[in-house]
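> Model the following, please.
(chains A and B)
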There are 2 protein chains.
Amino acid sequence: MMNQTFEFPDQQTIEAAHNRIRPHIHRTPVLTSKFFNQLTGGEVFFKCENFQKTGSFKIRGACNAVFSLDNEQALKGVATHSSGNHAQALSLAANLRGIKAYVVMPMDSSKAKIAAVREYGGKITFCKPTLQSREEMLQVVIARTKATEIHPYNNLRIIAGQATAAIELLQDVHDLDIILAPVGGGGLLSGTALAVTYFSPFTRIIAAEPEEANDAYLSLKAGHIVPAKKPVTVADGLRTALGTFTFPIIQKHVENIVTVREDQIIEAMKLVWERMKIVVEPSAAVTVAALVNEKIDVKGKRAGVIICGGNVDLDHLPWKTI
Amino acid sequence: MMNQTFEFPDQQTIEAAHNRIRPHIHRTPVLTSKFFNQLTGGEVFFKCENFQKTGSFKIRGACNAVFSLDNEQALKGVATHSSGNHAQALSLAANLRGIKAYVVMPMDSSKAKIAAVREYGGKITFCKPTLQSREEMLQVVIARTKATEIHPYNNLRIIAGQATAAIELLQDVHDLDIILAPVGGGGLLSGTALAVTYFSPFTRIIAAEPEEANDAYLSLKAGHIVPAKKPVTVADGLRTALGTFTFPIIQKHVENIVTVREDQIIEAMKLVWERMKIVVEPSAAVTVAALVNEKIDVKGKRAGVIICGGNVDLDHLPWKTI
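Numbers count the residues shown, from 1 in each chain, chains lettered A, B, ... in the order given. Below you'll find the model as predicted:
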């Protein structure tokens, strides 16, 4: 067990985060599906963050971080390196507060992602597509602008913000036996774990992860953070390794992490599209794959599933089409 | 103007249909999208029948027809020829009443469609893939079973059932300036037109149709039913021609029919998936295409759009993927 060297965000902090961001985000719906209930033998409640602003839960943490800054800090803007949902979320959150977001993106980012960040008002600096180049360029941008760095997940305000999806799910659906979330860097999972611990302490917390990016699973087993080794999963939101803030929270409050194969993720994603008529991204299908393939048994139980996002490049789907 | 040779379903009939089917169907949500509001300059309200049982509005008419039968008739079952959403809807409606549905399907129907009809309990008889063969085989089935034929759209009980989607939309959203529906055989459009006429008489009723299947547009212009000539539109639900019941209702109550190109339909479909994160079928994208391409001006107006369904073969999408 890693020594806990910081205070976990407490119940009041998480409630304050929810109050802070509520005017800026959508209250996303909780959907149910007879098909998935029959398939799993349980009652499954999907918290649909794919309908959230910017298409993922990431706006929750980003808004909490941006709106927590004092005016002096805020005026200098915020900065991050990201090619994914966090880049869009931070850009919109900054835009909503009327401040600047500086986003370092690898030069090989897709046109769609670049366009989305620009649409939300983010100021992009391109870098080489390596982690080292991203981090170095971010430091250059911060030195120039004095902007506050907002890490995509290893940041306590981000974690407190991500916790609010579970708060809403627990408000809308009582007596959940289990809550499921995917794990990448662990922002969503650690936030979810805290919310459940404070607001529904008898609900079990289980995470799902791609087999091809099982660093969180290995970390939990090893008792220390195991770095991710270039994971090649279709679940592009889950390729990152745990952080020094997210890991201890997960270690303390998450019961188990289960892993699923790539074909199971793709099949689950397609099944959700077909049966629920909603667009979910591969990262969101990881928990569903765990349910469908009985990695988690919910028979006779009430299970909440956090559908983390719906950002998919429709021109590049992970299954073959004719 | 064609002579009206039958009584249109009146307000009481449509209300009775709604009461009859309400226990068996979903009350589908009405969604809004900032993106589409900004794009059109109006306020657009999407009545999401893609979330309806069987994935389309067709269950409304099918349930009304099936639950209107007296016990003696019902015991002999219902029959239709269809390869599309009506086949699934009639199968489920019959199943819900505990009676048989005989469905004549062309032998080249997709495996997915055959499986869906079977899943809902429909009994399939295959025929050659021609309209003549479908009609002849249906007569054979009816002669053998004495089942009641339920036409997919040219049936007053079907029309009264389809009217209930608009009733719910008008209950949920007040003061709509315009209501938009797609038109194929005209079941949804004629039902919508009646509901609007009775419950919101100042709302304008406009339909959208693929340019490649513009028989309804031509019929309205000509003042008589113009047959469809083998339309090759991606909007597979809209390939049928108007019927003797649907046409006079449309002629009397629909202000205008606008047409859209195939590329506009596909682009609109993709835009809805991308921006609203919901799966809609090509037929449902026809009205959206009309809005996006300014075939209908809703600037400063409140517009209701009936999203007719979400049944798409995910292995055969109308755009190229890599």
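
> alpha carbons only for contacts and neighbour counts from here, please
Noted.

> Correct me if wrong: residue A:254 contacts residue A:193.
Yes. Residue A:254 sits in contact with residue A:193 when judged by CA atoms under 8 Å, with a separation of 6.4 Å.

> Up against chain B, what does the stretch 1-150 of chain A have?
A:50, A:51, A:55 (CA under 8 Å from any CA of the partner chain).

> The stretch 201-322 of chain A against chain B: which residues are in contact?
A:270, A:273-274, A:276-280, A:310-312, A:314-317, A:319-322.

> which residue packs closest to residue A:301, ignoring adjacent ones?
Spatial nearest neighbour of residue A:301, chain neighbours left out: residue A:42 (5.0 Å); criterion: CA to CA, 6 or more residues apart in numbering or on different chains.

> hang on, I meant residue A:209
Using CA to CA, 6+ apart and skipping residues adjacent in sequence, the residue nearest residue A:209 is residue A:259, 4.8 Å away.

> contacting residues around the strand or helix carrying the one you found?
In this assignment (DSSP states H and E), residue A:259 forms part of strand A:256-260. With CA atoms under 8 Å, 6 or more residues apart in numbering or on different chains as the test, strand A:256-260 has contacts from A:205-211, A:214, A:216-217, A:220, A:286, A:289-290, A:295-296.

> I'd like the mean pLDDT over the helix or strand following it, please.
Where DSSP H and E defines the elements, the next helix or strand beyond strand A:256-260 is helix A:262-276. The pLDDT scores in helix A:262-276 average 97.

> Convert the C-alpha atoms of helix A:262-276 to PDB, please.
Only the C-alpha atoms of helix A:262-276 are listed here, as PDB (Å, rounded to 0.1, in the frame of the first residue of the first chain):
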ATOM      1  CA  GLU A 262     -10.200  -5.600 -28.100                       C
ATOM      2  CA  ASP A 263     -12.800  -7.700 -30.000                       C
ATOM      3  CA  GLN A 264     -15.000  -7.600 -26.900                       C
ATOM      4  CA  ILE A 265     -14.800  -3.800 -26.700                       C
ATOM      5  CA  ILE A 266     -15.600  -3.400 -30.400                       C
ATOM      6  CA  GLU A 267     -18.500  -5.800 -30.200                       C
ATOM      7  CA  ALA A 268     -19.900  -4.100 -27.100                       C
ATOM      8  CA  MET A 269     -19.700  -0.700 -28.700                       C
ATOM      9  CA  LYS A 270     -21.600  -1.900 -31.700                       C
ATOM     10  CA  LEU A 271     -24.200  -3.500 -29.500                       C
ATOM     11  CA  VAL A 272     -24.800  -0.300 -27.700                       C
ATOM     12  CA  TRP A 273     -25.200   1.600 -31.000                       C
ATOM     13  CA  GLU A 274     -27.500  -1.000 -32.400                       C
ATOM     14  CA  ARG A 275     -29.700  -1.600 -29.300                       C
ATOM     15  CA  MET A 276     -29.700   1.700 -27.500                       C
END
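
> That one: how far from the chain's middle?
Mean-position distance between helix A:262-276 and its chain equals 19 Å (CA atoms, centre = their mean, to the nearest Å).

> Counting by contacts, list what that helix packs against.
Counting contacts by 3 or more CA pairs under 8 Å, 6 or more residues apart in numbering or on different chains; DSSP states H and E, helix A:262-276 packs against helix A:282-292.

> Pull the contacting residues for residue A:206.
A:178, A:179, A:180, A:181, A:254, A:255, A:256, A:257, A:258.

> can you rerun that using 6 Å?
A:180, A:254, A:255, A:256, A:257 (CA atoms under 6 Å, 6 or more residues apart in numbering or on different chains).

> any idea which of those is closest to chain B?
Nearest to chain B among the contacts of residue A:206 is residue A:180, at 21.2 Å by CA to the nearest CA.

> Sketch out the strands for the stretch 1-150 of chain A, chain order is fine.
With strands called from DSSP state E, counting those that start in this stretch, the stretch 1-150 of chain A shows them at A:30-31, A:43-48, A:78-81, A:101-106, A:123-127, A:148-149.

> the inter-axis angle of the second one versus helix A:282-292?
Put simply, strand A:43-48 runs at 180 degrees to helix A:282-292, going by axes from the mean of the first three to the mean of the last three CA atoms, to 10 degrees.

> What pairs with strand A:43-48, parallel or antiparallel?
strand A:30-31 (antiparallel), strand A:302-307 (parallel) (DSSP bridges).

> Compile the ones you listed into JSON lines and extend it with columns for mean neighbour count.
JSON lines is the format used below for the strands paired with strand A:43-48 (neighbours: other CA atoms under 10 Å in any protein chain shown):
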{"stretch": "strand A:30-31", "mean neighbour count": "16"}
{"stretch": "strand A:302-307", "mean neighbour count": "26"}
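
> pLDDT of stretch A:112-125, averaged?
Taken as a whole, stretch A:112-125 has a mean pLDDT of 93.

> for it, the distance to its chain's centre please.
19 Å.
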